[in-house]
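Participant: Dropping a prediction and its sequence here:
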Amino acid sequence: MKVHFIAIGGSAMHNLAIALSRKGYNVSGSDDEIFEPSQSRLKKQGILPEQIGWFPEKITKDLDAVILGMHARKDNPELLKAEELGLQIFSYPEYLYEQSKDKKRLVIGGSHGKTTITSMILHVAKALNINVDYMVGAQLEGYDCMVKLSHDAPYIILEGDEYLSSPIDLRPKFHLYQPHVAILSGIAWDHINVFPTFENYVDQFRIFCELIAQKGILIYNEEDDELRKLAKSLKNDLNLIAYSTPDYEVVEDGTILHFENERYHLQIFGAHNLQNAISAMYMSREIGISSSDFFNALKTFTGAGKRLQKVVSSETFTMFKDFAHSPSKLKATTKAVKEQFQSRKLIACMELHTFSSLKKEFLPHYKDAMKLADVAIVYFSPEVVKHKKLEPITSEMVSDGFGGNVIVFNQTQEILDYLNHKDWHNSTLLMMSSGNFDGINYDELGNEIVSRFSI
């Protein structure tokens, strides 16, 4: 099979390219920019484009498929050539479905927790030597590729993102997978540049449920109001499994989970992570894993990349980084850390980085999102707002949106100056962003705090 990637350097695209190359496909690609780590990883696999740019001459009739990334434009010269030749053009999720037509498809969807749930299932499957294909949205410890595609795995585990599939396919990605088993972790309005109303956003999850295979299974969080309403409205042939926060104890090095009269000592913490674990357990049953085997294997799981990931730790100080950026994620993550370290002062920092978060109409949705923090800091860059072609926002707008009681900065150095002059004894620092606060190196910051205060 000969497959060409238009925009091969994307975080998702380059992983799919590597997976297909490992499967034995003849893979080529192009891009107008390729950054690390994509560049090194493509080079190691032997499929890094020799030149940067778009080259229509690469698009030939002998290509079996062209895979189009979101980074490309509708008028991309390679795309236009592929359309002219009548070649089969796929989006990233569309081609994943092509690769999994003969497998049992298990899809994890929801506004939050997708990557963690997927990571939990993969961690357990690996520990128990169960052969699965997969696509996950973060780099996982012990894995060198976020996608695996094989000829023999009977199952594929797919993280189901609701964002658009490609420049010429405006369906949400998770509408293309047609799962046999699905999880929905929760619904909290996001991607407002694509889904302009909450009702429109919820509809995408309704459509996803309608695309579950006949007599398929939907595992859903019954503590989520929208999901409860959605579950009641679904077709009768779906098998519904509701889950909620299990009983648990907070302990110094994690959590004691109580389930079916057993106690499991896990390294993860926070109610939202335990909800994730329960949903992952129910889905794992569908590939032959018992609940006891699942939770025993989960004991060694420390989390997905950038999801409550520990940066540094000492006897009286711990620093975490987290991908949280939406209101629901901020609330859940802040609550989890405060609950785990009740006797410590919590300093929580978040960056408004996404299109939704920087839109002034969306700011009120952040009301009280970090109210459990002892000190809450919000950062935004006016330059990023300008780059995204949004109306300017002010520090006052941000503060009002969060309900006051937050410190607002719009210069990276202001954050660093503030953090470097605090007394960090008996404290926890939580850095939350889908970016990096425009240049903060978390490892350097954490090590600087530990060395400066000898903690």
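Facilitator: Perfect, thanks for sending it. Residues are numbered from 1 along each chain as shown.

Participant: Helices of this structure, start to end?
Facilitator: Applying DSSP state H to the chain gives helices spanning 11-22, 38-45, 77-85, 92-99, 114-127, 198-210, 225-232, 271-285, 291-298, 327-340, 382-387, 395-401, 412-420, 442-453.

Participant: The last one to helix 412-420, inter-axis angle?
Facilitator: Between helix 442-453 and helix 412-420, the angle comes out at 40 degrees (axes from the mean of the first three to the mean of the last three Cα atoms, to 10 degrees).

Participant: what sits up against stretch 23-31?
Facilitator: 1-10, 13, 17, 20-21, 42, 47, 49, 52-55, 58, 71, 78, 149-151 (Cβ atoms under 8 Å, 6 or more residues apart in numbering). Every C-beta, even on glycine, is put in place using the N, C-alpha and C of the backbone.

Participant: cutoff 6 Å now
Facilitator: For stretch 23-31, contacts defined as Cβ atoms under 6 Å, 6 or more residues apart in numbering pick out 1-5, 7-9, 17, 20-21, 47, 49, 54-55, 78, 149.

Participant: ok, now stretch 124-143?
Facilitator: Stretch 124-143 has contacts (Cβ under 6 Å, 6+ apart) with 96, 115, 118-119, 122, 146-150, 153, 155-159, 284, 294, 297-298, 304-305.

Participant: mean confidence for stretch 250-269?
Facilitator: If you average the pLDDT over stretch 250-269, you get 96.

Participant: what about the spatially closest residue to Lys103 that is not a sequence neighbour, neighbour count?
Facilitator: Sequence neighbours aside, Ile156 is the residue nearest to Lys103 in space, at 4.7 Å (criterion: Cβ to Cβ, 6 or more residues apart in numbering). Neighbourhood size, Ile156 [other Cβ atoms under 10 Å]: 25.

Participant: ok, now how distant is the residue most central in space within the chain from Trp189?
Facilitator: Nearest residue to the geometric centre of the chain (Cα atoms, centre = their mean): Thr115, 4.5 Å. Here Thr115 is placed at a distance of 19 Å from Trp189 (Cβ to Cβ, to the nearest Å).

Participant: go on, Tyr25?
Facilitator: According to Cβ to Cβ, Tyr25 stands 38 Å off from Trp189.

Participant: Name the residues of stretch 53-63 that are buried.
Facilitator: By neighbour count on 16 or more other Cβ atoms under 10 Å, the buried set for stretch 53-63 is Trp54, Lys58, Ile59, Leu63.

Participant: hmm, who's touching that stretch?
Facilitator: Contacts for stretch 53-63 (Cβ under 6 Å, 6+ apart): Lys2, His4, Ser30, Asp32, Pro77, Glu78, Lys81, Ala82, Leu85, Leu87.

Participant: mind giving me the domain ranges of this structure?
Facilitator: Annotated domains of the chain cover 2-87, 95-298, 309-453 [automatic domain parsing].

Participant: before we move on, back to that, tell me which two of the buried residues of stretch 53-63 sit farthest apart.
Facilitator: Greatest spatial distance among the buried residues of stretch 53-63 (Cβ to Cβ): Trp54 and Leu63, at 15.2 Å.

Participant: and stretch 76-90, how far out from the chain's middle?
Facilitator: 30 Å (Cα atoms, centre = their mean, to the nearest Å).

Participant: ok, and what's touching that stretch?
Facilitator: With contact meaning Cβ under 6 Å, 6+ apart, stretch 76-90 is reached by Ile6, Ser30, Trp54, Pro56, Ile59, Lys61, Leu63, Ala65, Val66, Ile67, Leu68.

Participant: buried residues in that stretch?
Facilitator: For stretch 76-90, the neighbour count (16+ other Cβ under 10 Å) marks Asn76, Pro77, Glu78, Leu79, Lys81, Ala82, Leu87, Ile89, Phe90 as buried.

Participant: Lys345 reaches Ser427, doesn't it?
Facilitator: Yes. The criterion here is Cβ atoms under 6 Å, and Lys345 meets it with Ser427 at 4.6 Å.

Participant: Compare these two (neighbour count), which wins?
Facilitator: Neighbour count, other Cβ under 10 Å: between Lys345 and Ser427, Ser427 has more, with 21 against 17.

Participant: residues in contact with that one?
Facilitator: Phe317, Arg344, Lys345.

Participant: change it to 10 Å
Facilitator: Contact analysis of Ser427 by Cβ atoms under 10 Å, 6 or more residues apart in numbering lists 316-319, 341, 344-347, 374-375, 449, 453, 455.

Participant: Type out the PyMOL command that picks the buried ones from these.
Facilitator: To isolate the buried ones among these in PyMOL, judged by 16+ other Cβ under 10 Å, type:
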select buried, resi 317+318+319+341+344+345+346+347+375+449+455
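
Participant: quick one: which of the contacts of Ser427 is nearest Leu274?
Facilitator: Leu274 has its nearest neighbour among the contacts of Ser427 in Phe341, at 16.7 Å by Cβ to Cβ.

Participant: Look up how far Phe402 lies from that closest one.
Facilitator: Distance, Phe341 to Phe402, by Cβ to Cβ: 22 Å.

Participant: Can you pull the poorly scored residue ranges out of the stretch 101-250 of the chain?
Facilitator: By pLDDT under 70, the stretch 101-250 of the chain has no low-scoring segment.

Participant: mind listing the strands for it?
Facilitator: With strands called from DSSP state E, counting those that start in this stretch, the stretch 101-250 of the chain shows them at 104-109, 132-135, 147-148, 155-159, 164-166, 169-172, 181-184, 217-221, 239-243, 247-251.

Participant: Which other helices and strands does the third one contact?
Facilitator: Meaning strand 147-148. Where contact means 3 or more Cβ pairs under 10 Å, 6 or more residues apart in numbering; DSSP states H and E, strand 147-148 is packed against helix 11-22, helix 92-99, strand 132-135, strand 155-159.

Participant: got a markdown table for the ones you listed, with distance to Asn239 too?
Facilitator: Shown next, in a markdown table, are the helices and strands packed on strand 147-148 (distance: least, Cβ to Cβ, whole Å):
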| stretch | distance to Asn239 |
| --- | --- |
| helix 11-22 | 30 |
| helix 92-99 | 22 |
| strand 132-135 | 21 |
| strand 155-159 | 18 |
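
Participant: Let me have the strands of the stretch 101-250 of the chain in TSV, adding distance to Glu444 as columns.
Facilitator: Listed next are the strands of the stretch 101-250 of the chain as TSV, based on distance: least, Cβ to Cβ, whole Å:
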stretch	distance to Glu444
strand 104-109	33
strand 132-135	32
strand 147-148	31
strand 155-159	30
strand 164-166	35
strand 169-172	37
strand 181-184	37
strand 217-221	37
strand 239-243	40
strand 247-251	30
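
Participant: Of all the ones you listed, which one comes closest to Gln309?
Facilitator: Of all the strands of the stretch 101-250 of the chain, it is strand 155-159 that lies closest to Gln309, at 17.4 Å by Cβ to Cβ.

Participant: Starting from the closest one, tell me which strands it pairs with and how they run.
Facilitator: Sheet pairing for strand 155-159, assigned by DSSP bridges, gives strand 104-109 (parallel), strand 132-135 (parallel).
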